[in-house]
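**Q** I'll drop the sequence and a predicted model, then ask my questions.
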Amino acid sequence: MSFDPASYVFSQPSAPTAIRASTVLPARRENVELRTSDGHRLVGELALPESGEVTATLITLHPLPTHGGFMDSHVYRKASYRLPALAGIAVLRFNTRGTGSPRGTSEGAFEEGIGERLDVEAAVQFAVDRGLPNRWLVGWSFGTELALMYGASEPVASEVEGAILLSPPLHRATEVHLKEWAASGKPLKVLVPELDDYLQPAGAAERFVVVPQARVVGVDGAKHLWVGEKYAGRVLNEIVDEVLAASGGAATELPQEWDGPVATAHA
C-alpha cells in the first residue's frame, strides 16, 4: 500500500514549535501520477500551500536510485514538509522510472539517465497542466545530471525559469550540456559542498565557467548528502532565495519555529 499524505495527524501546540527534521507543517498534499510519452506511470506527491497563491514551484529530481536515491531523499522531504507553509512554494516530488519509495514504485527500469529524459518532461508537463507558476528544476546529485542534460532544451526549456543544483558530480552531463545552459541564459544556481566526494567548490567553479550566468556557491563543512539540519536548512534557504528573487520577492531567512498546527513525520 502506498503512503497516503492525508494520514498526517496535526495538532495545535500551546507554544511555537521548533522546526526539526520530522516536523510537518500544514499543506494540501496529494498523491499524483505522471505519465511519460513512452507509456510509463510515475508515482509522486504534490504539496501545495494550504491557502493563498503559489509563489513558485519546485520540480525535484532525486539522487541516483541505484545508490538509495528516491523522492523521499531527505532534503526534498523537508522541502515538502516546510516550504508550502513557510514560503508559499509548491513542491513536486516523484520517483523516476523503476524507482521505489513508501509512495510506491514507478513503472519501467533505470536507464542510466537516458530514458529519464521523458520522466523530466512528464514532470514539467504535469506542473504546466496544473497551472503551477514560476517553475524551477531542482536536481540533487544524479538529479543535477538530468537537469543539466534536459533542462535547457525543448520541450522543457520554455516551461521552466531555471535550475538549482545540489552536489553536481558532472559525470553524465558534459560541456555540451553546459553550453546549452549558457546559450539559454536561464539562471543556474550551483550549491557545492566543501567536502563533496565528487566535485568540490574550486573544481565546480572551473567546470561551470562556461556558463556565465551560473552562480557557484561553496558550502563550508557540508558533504555530498547534506546530512544534518544545519546543511539541509542552508539548502532550503538558498532555494527559496533563488526562486522568490526571480519573481520579485525579497530574500529572507526561513523561520526555525512555527506557531500553528504541526504533525510528526512517520518513521
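**A** In hand now; what should we look at?
**Q** quick one: average pLDDT of stretch 75-93?
**A** Stretch 75-93 carries an average pLDDT of 98.
**Q** chain center to that stretch, what's the gap?
**A** Between the centre of stretch 75-93 and the centre of its chain there are 9 Å (Cα atoms, centre = their mean, to the nearest Å).
**Q** Tell me which residues of it come out buried.
**A** Residues of stretch 75-93 classed as buried under the neighbour-count rule (16 or more other Cβ atoms under 10 Å) are 75-93. Where C-beta positions appear, they are placed from N, C-alpha and C, glycine not excepted.
**Q** Could you do stretch 18-38 as well?
**A** The neighbour-count check on stretch 18-38 (16+ other Cβ under 10 Å) flags 19, 23, 24, 25, 26, 27, 29, 32, 34, 36 as buried.
**Q** for stretch 232-240, same thing?
**A** Here stretch 232-240 shows 232, 233, 234, 235, 236, 238, 239, 240 as buried, counting by 16+ other Cβ under 10 Å.
**Q** Just give the nearest non-adjacent residue to the second one, would you?
**A** Leaving aside its chain neighbours, residue 233 sits nearest to residue 254 (7.1 Å; criterion: Cβ to Cβ, 6 or more residues apart in numbering).
**Q** Next, that neighbour: secondary structure please.
**A** Assigned with DSSP: H, G, I helix; E, B strand; the rest coil, residue 254 falls in the coil class.
**Q** dump the residue contacts of it.
**A** By Cβ atoms under 8 Å, 6 or more residues apart in numbering, residue 254 lies in contact with 82, 86, 87, 233, 236, 237, 240.
**Q** Pipe those residues into TSV and attach distance to residue 69 per row.
**A** As requested, the contacts of residue 254 are exported to TSV (distance: Cβ to Cβ, whole Å):
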residue	distance to residue 69
82	20
86	25
87	24
233	20
236	18
237	22
240	22
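**Q** Pick out the most distant pair among these.
**A** 87 and 233 (13.0 Å; Cβ to Cβ).
**Q** can you pull out the strands in the stretch 101-250 of the chain?
**A** Remark: strands assigned in the stretch 101-250 of the chain by DSSP state E, counting those that start in this stretch are 104-105, 135-140, 162-166, 188-193, 214-219.
**Q** Which of those strands sits closest to residue 123?
**A** Using Cβ to Cβ, the strands of the stretch 101-250 of the chain put strand 135-140 closest to residue 123, at 8.8 Å.
**Q** Average pLDDT for that closest one, rounded please.
**A** Throughout strand 135-140, pLDDT has a mean value of 98.
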